[in-house]
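Participant: sequence-free structure coming up:
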């Protein structure tokens, strides 16, 4: 299995690294064979079976296209966040609406020569020519009951061609190397975007740039997102506006997101997001019991059970240590009503006060709607209101 992983640096949400992540699951005694299969995949890719490649492309394009109707709010959230930070812009290109449109174009090609040529170039750039770049070009993780001498030898053999400095000093989740960030430029500047699509339901999102994962307020914003979802947004978006659902979330990407899905009043819902911030700041319009419930919900995500195959992945992929996770727990446990109100006022309130917005504040937020294809008249109305129609 493989996928792309855009990791964001904990202390700076405008820096990140792009990884191609390969994984395999096997019985403990079959680890050497799994490593051999990974090595063969990395070193000897084959594009000879064009029918198989064409089927893979078609399946991927179809899956991405279906995701618009099934989970369009996720795509809306990604595109909104992409306007705010460089790593999220890259992540959106690889797994958001940009990728949906790109794969539709690739699937429409009848001649695969150009596609195969680019796949070969990517393999040469990422794999063949990686020797000598840095000791972190290839990073390895094995989670197992026991790592044999044979396994370590195979890992050294696998790592060798990728970097002259590569070492496998310890094969465990607790000793993975720190990320080596690469600067990623973000030239997006679409504050309000409407995607006209052949769908019968709408999805919306608003994103506000806040603080990176290392900042203690990121935990407070997670609690605030849960409070807004449970005590305000559910009633406004689902019960009043008729959407299937909606809410708010705050992750480690430095972005606070609002969202709605299967929403017949998506443009109206966008204004509800600002109302949620105003509601929150009205002397903390929620009870102590609601705060405790929100904390428990966040704790449930932080300390959710981890399958054996996923142990160590948080540190391996994102560089987050157990000590850093504990620091977040400590902030979460000690959070007070005053802390929550202060964090929302400091990081979200500017986006809710249209009269107080400066150009810099406007650039720190973005709204997106994925909806039915608009008529010419409606498209003109959207453009008059500052929306970019795609």
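Facilitator: Arrived safely. Not measured: the values here are computed from a predicted model.
Participant: domains for the chain, by residue range?
Facilitator: The chain breaks down into these domains under automatic domain parsing: 2-183, 192-389.
Participant: Present those domains as TSV; the columns should include mean neighbour count.
Facilitator: From N, CA and C alone the C-beta is placed, and that goes for glycine too. TSV is the format used below for those (neighbours: other Cβ atoms under 10 Å):
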stretch	mean neighbour count
domain 2-183	16
domain 192-389	18
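Participant: want to throw the ones you listed into JSON lines with mean pLDDT?
Facilitator: What follows is these, written out as JSON lines (pLDDT from 0 to 100):
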{"stretch": "domain 2-183", "mean pLDDT": "74"}
{"stretch": "domain 192-389", "mean pLDDT": "86"}
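Participant: which stretch of helix or strand covers residue 257?
Facilitator: Using DSSP states H and E, residue 257 sits in strand 255-261.
Participant: all helices for the stretch 251-390 of the chain, in order.
Facilitator: Using DSSP state H, counting those that start in this stretch, the helices found in the stretch 251-390 of the chain span residues 266-281, 288-302, 313-318, 322-334, 337-347, 349-352, 359-363, 376-384.
Participant: now the second one against helix 337-347, angle please.
Facilitator: Using axes from the mean of the first three to the mean of the last three Cα atoms, to 10 degrees, one finds that helix 288-302 and helix 337-347 are set 70 degrees apart in direction.
Participant: Helix 288-302 packs against which elements?
Facilitator: Other helices and strands packing on helix 288-302, by 3 or more Cβ pairs under 8 Å, 6 or more residues apart in numbering; DSSP states H and E, are helix 217-228, helix 322-334, helix 337-347.
Participant: Repeat that for the fourth one.
Facilitator: Using 3+ Cβ pairs under 8 Å, 6+ apart as the contact definition, the elements that helix 322-334 packs against are helix 217-228, helix 288-302.
Participant: cool, and the fifth one?
Facilitator: In terms of contact count using 3+ Cβ pairs under 8 Å, 6+ apart, helix 337-347 is assigned the packing partners helix 217-228, helix 266-281, helix 288-302.
Participant: same question, the first one
Facilitator: With contacts taken as 3+ Cβ pairs under 8 Å, 6+ apart, helix 266-281 sits against strand 203-209, helix 217-228, strand 245-250, strand 255-261, helix 337-347, helix 349-352, strand 365-372.
Participant: Tell me which of those approaches residue 26 most closely.
Facilitator: strand 245-250 (34.5 Å; Cβ to Cβ).
Participant: all helices of the stretch 101-250 of the chain, in order?
Facilitator: Using DSSP H, counting those that start in this stretch, the helices of the stretch 101-250 of the chain run over residues 113-126, 149-159, 217-228.
Participant: and for the last one, what are the contacting residues?
Facilitator: Outside helix 217-228, the residues within contact range by Cβ atoms under 8 Å, 6 or more residues apart in numbering are 210-212, 247-252, 254, 256, 276, 279-280, 286, 290-291, 293-295, 297-298, 328, 331-332, 335, 339-340, 343-344, 346-348.
Participant: if you set the cut-off to 7 Å instead, what comes out?
Facilitator: With contacts defined as Cβ atoms under 7 Å, 6 or more residues apart in numbering, helix 217-228 is touched by 210-212, 248-250, 252, 256, 276, 280, 286, 290-291, 294-295, 297-298, 328, 331-332, 335, 339-340, 343-344, 347.
Participant: follow-up on the earlier one: so which of the helices and strands packed on helix 337-347 comes closest to residue 241?
Facilitator: Nearest to residue 241 among these is helix 266-281 (5.5 Å), distances taken as Cβ to Cβ.
Participant: quick one, the closest one and strand 365-372 angle?
Facilitator: Angle of helix 266-281 versus strand 365-372, following the same axes, to 10 degrees, is 140 degrees.
Participant: can you give me how far helix 266-281 is from the chain middle?
Facilitator: Helix 266-281 has its C-alpha centroid displaced from the chain centroid by 23 Å (Cα atoms, centre = their mean, to the nearest Å).
Participant: With stretch 36-51 instead?
Facilitator: Stretch 36-51 sits 28 Å away from the centroid of its parent chain (Cα atoms, centre = their mean).
Participant: can you tell me the distance between the two ends of that stretch?
Facilitator: Using Cα to Cα, to the nearest Å, the end-to-end distance of stretch 36-51 comes to 26 Å.
Participant: repeat for stretch 258-265
Facilitator: 15 Å.
Participant: What are the contacting residues of it?
Facilitator: 72-73, 76-77, 201-206, 237, 241-248, 266, 269, 273, 276.
Participant: go on, stretch 50-70?
Facilitator: In contact with stretch 50-70 (Cβ under 7 Å, 6+ apart) are residues 47, 75, 99-100, 103-104, 106-107, 112, 197, 199, 201, 370.
Participant: Kindly indicate which of those residues lies nearest residue 93.
Facilitator: When the contacts of stretch 50-70 are ranked by distance to residue 93 (Cβ to Cβ), residue 99 comes first, at 6.4 Å.
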